[in-house]
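# model the structure of this input:
(one chain, ligands or ions: 1)
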Amino acid sequence: MLRISELVAGYGAADVLHGIDLSVGGGEIVCLLGSNGAGKTTLARCVAGLLKPRSGSVTDGGTRLDGLSPSQRARRGIALVPEDRGLFGGLTVADNLELGGFRHGRRHALDRLSLVVEIFPPLASLLPRSAGTLSGGEQQMTAIGRALMADPRFLVLDEPSLGLSPGMTRQILTALRALADDGIGIVLIEQNAALALGVGDRAAVLRRGRIAVTGAASTLLDDPMVINAYLGGRGSG
Ligand SMILES: Nc1ncnc2c1ncn2[C@@H]1O[C@H](COP(=O)(O)OP(=O)(O)OP(=O)(O)O)[C@@H](O)[C@H]1O
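You can find the predicted model right below:
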C-alpha cells in the first residue's frame, strides 16, 4: 500500500497542499481529479520525491520514504510518468525504453521490452524511430513503457490523456486497467474525469489543495458536484 498522510507541501511561502490523505493498493486505480492549479502535479511530485513535503508523509508498505531520491523511489518500485512525458527526443524509442530498465540486466530488460510491446503493440514498429518524431499518443505509450521497464509496483501518471484524441485516451486507459488487473497500483491524475472514472476503482477530487470528495469511482460518476464541475453536466462529457 502506498499511503499519503496529512501531506502539506508548497512552493516558497505558499502552501499548495493542505493536509492530503490518499492511498492506493496493488491492483487498483485511484483517480485524482481537480481543476487547473488544484495541486495534482504537486502531489505527484511529492510521491516521486521531486518535492519535499513541509509535513506529513508518504509511506510504502509502512516505510516512510522521506529522504529517498526519485531514483531510489524508482528502485523501490514507485514510478512517475510526468505530464511532459520526459522523453529524450533525440534518442530512439528503444533507447528511451532501455533507459527505464537500466538497473536490471540485459536479459531482464529484453523480457520487459517484450512485455511493453505486448501492452502497447504500436511500439513494436516504432523502436528505431526518434522519440521526437512520435505523435502524442505514441509518446505517451513510450513514456508509460519506459516506466514499466523498471517493473514498478506503483505508477503515478500525470494527465496521460493531455493532447490525445478520445480514441487514443481510451486505448491508454484500457492498458492502464490491464496493468492494474495484473497487480500494479495506479494513481491516475486526469482532467478527463468521465474516461478516468470509467476505468478507476476509487477517486478523489482535489480542490484548492484539499480533498473535496472521495469515494468509489462509480459513485463519483453519479455525484452532482463531480458531474457539474468535471463532467460538463449530467449525460455529457
Ligand atoms: N515550481 C513552482 N513554483 C511556485 N508555484 C508553483 C510551482 N509549481 C506549481 N506551482 C503552483 O502551485 C499550484 C498547484 O499547481 P499544480 O501544478 O500542482 O496543479 P495541478 O492541479 O497539477 O494543475 P494542472 O491541472 O494545471 O496541471 C498552482 O497555483 C501553481 O501555480
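# drop to CA atoms for contacts and neighbour counts, all remaining ones
Fine.
# would you mark the buried spots in whichever helix in the chain runs longest?
Longest helix of the chain, by residue count under DSSP state H: helix 166-181. Of the residues in helix 166-181, 168-177, 179-180 count as buried by neighbour count, 16 or more other C-alpha atoms under 10 Å.
# any residue of the next helix or strand after it touching the ligand?
Counting by DSSP states H and E, the next helix or strand C-terminal to helix 166-181 is strand 185-189. No. For a cut-off given as C-alpha under 6 Å from any ligand atom, strand 185-189 has no contacts with the ligand; the smallest distance is 8.2 Å.
# where do the helices of this structure begin and end?
Secondary structure of the chain (DSSP H): helices at 40-48, 70-76, 93-100, 106-119, 136-149, 166-181, 193-199, 217-220, 224-230.
# could you report the pLDDT at the residue nearest to Asp182 when sequence neighbours are not counted?
Leaving aside its chain neighbours, Asp182 sits nearest to Gly27 (6.5 Å; criterion: C-alpha to C-alpha, 6 or more residues apart in numbering). pLDDT, Gly27: 97.
# my guess is Lys52 contacts Ala9, does it?
Yes. Using C-alpha atoms under 8 Å, Lys52 is in contact with Ala9, at 7.3 Å.
# how close does the residue nearest to Ser130 when sequence neighbours are not counted get to the ligand?
Of all residues not flanking Ser130 in the chain, Thr92 sits nearest, at 4.1 Å (C-alpha to C-alpha, 6+ apart). Counting by C-alpha to the nearest ligand atom, to the nearest Å, the separation of Thr92 from the ligand is 27 Å.
# how many neighbours does Thr92 have?
19 (other C-alpha atoms under 10 Å).
# if we can go back for a sec, for the ligand, tell me which of the buried residues of helix 166-181 show up nearby.
By C-alpha under 6 Å from any ligand atom, no member of the buried residues of helix 166-181 lies near the ligand.
# of all these, which comes closest to the ligand?
Taking C-alpha to the nearest ligand atom as the measure, the ligand sits nearest to Thr169 out of the buried residues of helix 166-181, at 16.6 Å.
# quick check: phi and psi on the residue lying closest to the closest one once chain neighbours are set aside?
Residue nearest to Thr169 in three dimensions, not counting chain neighbours: Ser161, with 5.2 Å by C-alpha to C-alpha, 6+ apart. With angles defined as degrees, to the nearest 10, Ser161 sits at phi -90, psi 0.
# give me the helix or strand of the protein that scores worst on average pLDDT.
Ranking every helix and strand in the chain by mean pLDDT, DSSP states H and E puts helix 224-230 at the bottom, with a mean of 74.
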